[in-house]
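# Turn this into a structure:
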Amino acid sequence: MIRRIEIRQQFNILVLFMIVQFGGILLASLVFSTTPLASITSASQSGQINTPEQALWFFVYFVIATLIILLAFKIYHGDVLFRLFEGFVIIVSSLFVFIVLLGYFFPSEPYLVSIIALILAVLLIVLKNKQPKLRNTVAIIASMGVGLVLGLDFGFLVAYLLVAVIAAYDYIAVFVTKHMLTLANAVSSRGLAFLIGSTDIEVIPKGFFNKKEAEEYAKYKKELQKIKNPIIKGLIRKGKLPLISQVQLGAGDLGIPLMLAISSYKLAASYFLPIAIAIGAVFGMVYTMYIQKKYLIPLPAIPPLFSFMSMALGLALLPLGLEYFTFFFISGILVLLIFTLQARRSAQKKV
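Model (predicted):
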């Protein structure tokens, strides 16, 4: 029973992840294949980023923004400021998605497209605030927008460097400083659309568990005691066993792989590399879920995603030369080993 619920949650997250990756590539194909649309979207781009220095500065801004947000969560306990920030981010990121979709059908009306796209972006965050269940939908659209903008702006090698640096940062922020876990908890508790999640509650009789599952539930029940929800407490008092399963994934974990996939199109004007990278990212997500299930600890998603995307790149570029395969594939293997060993060490410390 426990395993079935966990698999269901992981499958839901994996489907949402795939929607962002392959849906984002499909949107990018509209830009690449339609000249008028490319001219419309160019007004939304900040210019090509093709040097390592530009990528590193982008990363610095990213880290500074993360730390500022984390500090704000610590010193400000209201909701208005965070709702305004959420609204700004969602409107800006989803705006590009709507521009691409509308621009494809009305390429000769750039101003009308921009106005309608802005209205839809504002409407999106308004609906999310009225219907919190739309959080996943909003986060998916926003993640596609971020991946599209960055993928079109970044050259491939610079994008690959940026993902590598972010993977290292994600590793440190989760395994070492753990401040990313604090940030994720703060975002989740306020219901902000900066991550996707899948939550399920199932009530089963005590006698349904086998011996191993009963032992697992005994540990899990300690966590249930901390929940203040009166319905959950009532179920426990009646001798029923509520199983609560929740899996969450940050919007950055959705948008960053898409950025790399879209940026790779420029290497050969082919969708072979973007699709290969997206498939690698899917395998990376599956592996992350496997390790999380095995060790039951929070994990950074970017390192394993980067690892499997690198290995997919190595295999895809093998026809061009053994040196390409060696660089990307070996890089992916090394990152995967470091991630897996650290996950095992973290699990041992927890025990």
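
# Mind pulling the model confidence for residue 229?
If you check residue 229, the pLDDT there is 54.

# Hmm, residue 263 is touching residue 154, no?
Yes - in terms of Cβ atoms under 8 Å, residue 263 counts as a neighbour of residue 154; the distance is 4.8 Å. Backbone N, C-alpha and C define where each C-beta goes, glycine included.

# Looking at the two, which is more packed in?
residue 263 (28 against 25; other Cβ atoms under 10 Å).

# Can you name the residues that contact that one?
By Cβ atoms under 8 Å, 6 or more residues apart in numbering, the contact set of residue 263 is 150, 151, 152, 154, 155, 156, 158, 159, 160.

# ok, the last one - how many residues close by?
Right, the one you point to is residue 160. 22.

# Quick check: nearest residue in space to it, chain neighbours excluded?
residue 260 (6.4 Å; Cβ to Cβ, 6 or more residues apart in numbering).

# one step back: most widely separated two among the contacts of residue 263?
Farthest pair in those (Cβ to Cβ) is 152 and 160. Separation: 15.5 Å.

# Just the CA atoms of stretch 288-304, as CSV, please.
Extracted in CSV, the C-alpha atoms of stretch 288-304 (Å, rounded to 0.1, in the frame of the first residue of the first chain):
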residue,chain,number,x,y,z
THR,A,288,16.4,11.2,-8.4
MET,A,289,13.1,9.6,-7.3
TYR,A,290,14.7,6.2,-6.9
ILE,A,291,17.4,7.6,-4.6
GLN,A,292,14.9,9.6,-2.7
LYS,A,293,12.7,6.5,-2.2
LYS,A,294,15.8,4.5,-1.2
TYR,A,295,17.2,6.9,1.4
LEU,A,296,14.2,9.0,2.3
ILE,A,297,16.0,12.3,2.4
PRO,A,298,15.6,15.6,0.6
LEU,A,299,17.7,15.7,-2.5
PRO,A,300,19.0,18.4,-5.0
ALA,A,301,17.5,17.6,-8.4
ILE,A,302,19.8,19.6,-10.6
PRO,A,303,23.0,17.4,-10.1
PRO,A,304,21.4,14.2,-11.3
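
# So which residues make contact with it?
With Cβ under 8 Å, 6+ apart, stretch 288-304 has contacts from 6, 10, 13-14, 163, 166-168, 170-171, 173-175, 180-181, 184, 247, 249-250, 252-253, 256, 284-285, 287, 305, 335-336, 338-340, 343-344, 346-347, 350.

# Give the residue spans of the stretch 201-350 of the chain that score low on pLDDT.
Low-confidence segments of the stretch 201-350 of the chain, defined by pLDDT under 70, are located at 201-247, 350.

# I should have written the stretch 1-150 of the chain there, sorry.
Looking at the stretch 1-150 of the chain by pLDDT under 70, you get 1-6, 34-50.

# If we use 50, what do you get?
40, 43-47 (pLDDT under 50).

# where along the chain do the strands fall?
195-204, 241-250 (DSSP state E).

# Next, count neighbours for residue 140.
Around residue 140 there are 22 residues (other Cβ under 10 Å).

# now swap in residue 320 and tell me
11.

# could you measure it against residue 273, distance?
11 Å (Cβ to Cβ, to the nearest Å).

# now do residue 132
Distance from residue 132 to residue 273, counting by Cβ to Cβ: 38 Å.

# And for residue 108?
Distance from residue 108 to residue 273, by Cβ to Cβ: 31 Å.

# Tell me which of these two has more neighbours.
Taking neighbours as other Cβ under 10 Å, residue 108 and residue 273 compare with residue 273 leading, 21 against 9.

# so what's the more buried one up against?
261, 264, 265, 267, 313, 316, 317.

# Residue 279 too?
Contacts of residue 279 by Cβ under 8 Å, 6+ apart are residue 312.

# ok, now how distant is it from residue 148?
Counting by Cβ to Cβ - residue 279 and residue 148 are separated by 19 Å.

# Ok, residue 104 next?
Where residue 148 is concerned, residue 104 sits at a distance of 13 Å (Cβ to Cβ).

# Compare these two and say which is more crowded by neighbours.
Neighbours per residue, other Cβ under 10 Å: of residue 104 and residue 148, the larger number sits with residue 148, 28 against 17.

# Touching, that one and residue 100? I think so.
Yes - assessed by Cβ under 8 Å, residue 148 is found in contact with residue 100 at 6.9 Å.
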